[in-house]
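Colleague: Fold the following.
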Amino acid sequence: MIRFISNASGVAYRNVAKPILFRFSPDSVHDFMVRSVGIAQKCRVLRWFVRKAWAYENRAVLGQTLGGIHYANPVGLSAGFDKNSELLPILYALGFGQTEVGSITSLPCSGNPRPWFYRLPKTKSLVVHAGLANNGAEEICTRLARRVPAMKRRSVLNISIAKTNCSATATEASGIQDYVDGLQSVLQASIADTVTLNISCPNAYGGEPFTKPDSLEKLLAAVDALRADLPIYLKMPIDLPWESFSELLAVADKHNVNGLTIGNLTKDRSNIDLKDELPEDVPGGISGKTNVQRSNELIRRTRQAYPDRFIIVGVGGVSSGQDAYQKIRLGADMVELVTGMIFEGPQVIGQINQDLARLLQRDGYTNIGQAVGADCQRLS
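Modeller: Residues are numbered from 1 along each chain as shown. I've put the predicted structure just below:
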């Protein structure tokens with residue numbers, strides 16, 4: 001019955017709701033969604049119905065403990081959707097194993113000039129140019145400290161922290177201090193289970209200085225000095241060649257970095273299969289199906305190079321159980337998505353988890369951890 005409701009919801013979303021929503025600009029749809037869902041999620045009955053109708057739970061098969069944290073399933077929400085952490089109740093109800101909010105920055109940031117989003121519907125991708133818009137770490141963490149303790153925690157809470165998108169953080173030293181200030185706000189609030197340092201946002205003032213080994217070394221040394229008592233992840237760039245990417249891995253290996261999120265938006269439009277027209281004057285990085293191959297290759301090579309060192313979160317083009325399973329078999333411990341949910345509907349989280357359980361059973365696995373990296377060596 002639950003599978004029927006979920007499948008019917010997906011058909012209704014793709015054939016009714018999405019065509020209507022896609023008649024409006026993606027910026028206006030996102031803003032409307034945040035406002036309306038923020039109000040609707042206050043209804044306990046609605047949250048109960050969403051969970052019963054769409055979420056899928058099978059902890060015996062999909063549950064795992066990573067970095068001392070237990071995850072009910074390996075499907076997470078990536079940063080960029082809930083920028084100010086306003087939608088946790090409904091996101092928990094959808095059945096994510098991990099909910100990543102933000103990216104938040106030490107200082108409030110209005111982001112880049114609108115529009116922030118441009119759809120590529122045939123490519124199932126999205127051009128993103130939000131520029132880390134958020135209300136700032138102090139306000140967001142204060143609100144979370146009031147609300148999170150009263151919530152029934154059904155999902156691991158990950159807070160993504162980035163460098164404030166402004167000229168004041170453009171130097172290496174000021175950028176490091178900005179990361180440290182943001183991380184300190186999160187640590188003092190004591191509400192996050194894990195944190196991610198977003199070092200690779202392609203849409204911020206001053207570029208991506210901490211995707212260079214020397215600068216990353218200094219940043220991670222400053223983070224080490226805080227002696228954070230929770231797992232720390234790095235959000236990795238996706239456009240670097242393996243030689244440069246592996247230099248960043250070598251730096252991370254020397255520091256208190258538990259995991260890697262692979263990877264961020266792509267800025268390189270030269271070698272992607274676009275099925276839509278993309279005007280040159282549309283700025284931003286691209287998320288979604290365009291990033292599958294690059295993400296998968298970096299996941300595989302990272303798992304080969306560091307078999308047991310890092311927890312790997314695979315991001316890029318996940319919209320089905322098969323997409324998630326491919327990343328897991330190549331070496332990802334978990335996956336995250338945002339764009340896939342926009343194109344397939346909110347019920348897709350439960351569908352991915354249910355399909356993962358079926359695929360694992362088909363291949364003779366009793367738990368998700370057994371499949372991690374199964375294809376890593378075979379495809380080397």
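Colleague: What sits closest to residue 267 if chain neighbours are left out?
Modeller: Spatial nearest neighbour of residue 267, chain neighbours left out: residue 202 (4.6 Å); criterion: C-beta to C-beta, 6 or more residues apart in numbering. In this view, the C-beta of every residue, glycine as well, is placed from N, C-alpha and C.
Colleague: hang on, the one you found is in a helix, isn't it?
Modeller: No: Residue 202 is assigned coil when assessed by DSSP: H, G, I helix; E, B strand; the rest coil, not a helix.
Colleague: got the contact list for it?
Modeller: For residue 202, the contacting residues are 208, 237, 239, 264, 265, 266, 267, 284, 285, by C-beta atoms under 8 Å, 6 or more residues apart in numbering.
Colleague: Would you mind confirming that the first one makes contact with residue 236?
Modeller: No: at 10.6 Å, residue 208 does not count as touching residue 236 under the criterion of C-beta atoms under 8 Å.
Colleague: Same drill for those two, tell me which one is more crowded.
Modeller: Using other C-beta atoms under 10 Å, the more surrounded residue of residue 208 and residue 236 is residue 236, with 25 against 20.
Colleague: Which residues are in contact with that one?
Modeller: 199, 200, 245, 248, 260, 261, 262, 263, 264, 298 are the contacts of residue 236 under C-beta under 8 Å, 6+ apart.
Colleague: Redo these as a markdown table? Include pLDDT, distance to residue 181 and neighbour count.
Modeller: Shown next, in a markdown table, are these (pLDDT from 0 to 100; distance: C-beta to C-beta, whole Å; neighbours: other C-beta atoms under 10 Å):
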| residue | pLDDT | distance to residue 181 | neighbour count |
| --- | --- | --- | --- |
| 199 | 98 | 16 | 26 |
| 200 | 97 | 20 | 24 |
| 245 | 99 | 28 | 21 |
| 248 | 99 | 23 | 22 |
| 260 | 99 | 23 | 25 |
| 261 | 99 | 22 | 27 |
| 262 | 99 | 26 | 31 |
| 263 | 97 | 25 | 24 |
| 264 | 98 | 22 | 29 |
| 298 | 99 | 30 | 26 |
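Colleague: Show me where the protein has its helices.
Modeller: Ranges of helices in the chain, per DSSP state H, are 2-12, 18-21, 26-40, 44-54, 59-62, 88-94, 137-147, 172-189, 213-224, 242-253, 292-305, 321-330, 339-344, 348-362.
Colleague: For residue 2, give me the pLDDT.
Modeller: Note on residue 2: pLDDT of 65.
Colleague: ok so, going back, wait, which of the helices of the chain is closest to residue 102?
Modeller: helix 137-147 (7.8 Å; C-beta to C-beta).
Colleague: got the buried residues for the helix-or-strand element of the chain with minimal mean pLDDT?
Modeller: Least confident helix or strand, the chain: helix 2-12 with a mean of 85, by mean pLDDT, DSSP states H and E. Using 16 or more other C-beta atoms under 10 Å as the test for burial, helix 2-12 gives 6, 9, 10.
Colleague: contacting residues around the closest residue to the second one other than its chain neighbours?
Modeller: Right, residue 9. Nearest residue to residue 9 in three dimensions, chain neighbours excluded: residue 347, at 4.2 Å (C-beta to C-beta, 6+ apart). For residue 347, the contact set (C-beta under 8 Å, 6+ apart) comprises 6, 9, 10, 13, 53, 54.
Colleague: which stretches of the chain have low pLDDT?
Modeller: Applying pLDDT under 70 to the chain flags residues 1-2, 378-380.
Colleague: 50 - rerun?
Modeller: 380 (pLDDT under 50).
Colleague: Can you tell me how far the residue positioned nearest the centre of it is from residue 4?
Modeller: Nearest residue to the geometric centre of the chain (C-alpha atoms, centre = their mean): residue 78, 1.8 Å. To residue 4, residue 78 is 28 Å away according to C-beta to C-beta, to the nearest Å.
Colleague: burial count for residue 74?
Modeller: Using other C-beta under 10 Å, residue 74 is surrounded by 29 other residues.
Colleague: hang on, the earlier thing: got a winner among the contacts of residue 202 for most neighbours?
Modeller: In terms of neighbours by other C-beta under 10 Å, the contacts of residue 202 top out with residue 264 at 29 neighbours.
Colleague: circling back: between the least confident helix or strand of the chain and helix 348-362, how big is the angle?
Modeller: 130 degrees (axes from the mean of the first three to the mean of the last three C-alpha atoms, to 10 degrees).
Colleague: what angle sits between helix 2-12 and helix 44-54?
Modeller: Using the same axes, to 10 degrees: helix 2-12 against helix 44-54 is 100 degrees.
Colleague: helices or strands up against helix 2-12?
Modeller: Contacts defined by 3 or more C-beta pairs under 8 Å, 6 or more residues apart in numbering; DSSP states H and E place helix 2-12 against helix 44-54, helix 348-362.
Colleague: Measure how buried residue 57 is and give me the count.
Modeller: Using other C-beta under 10 Å: residue 57 sits among 16 other residues.
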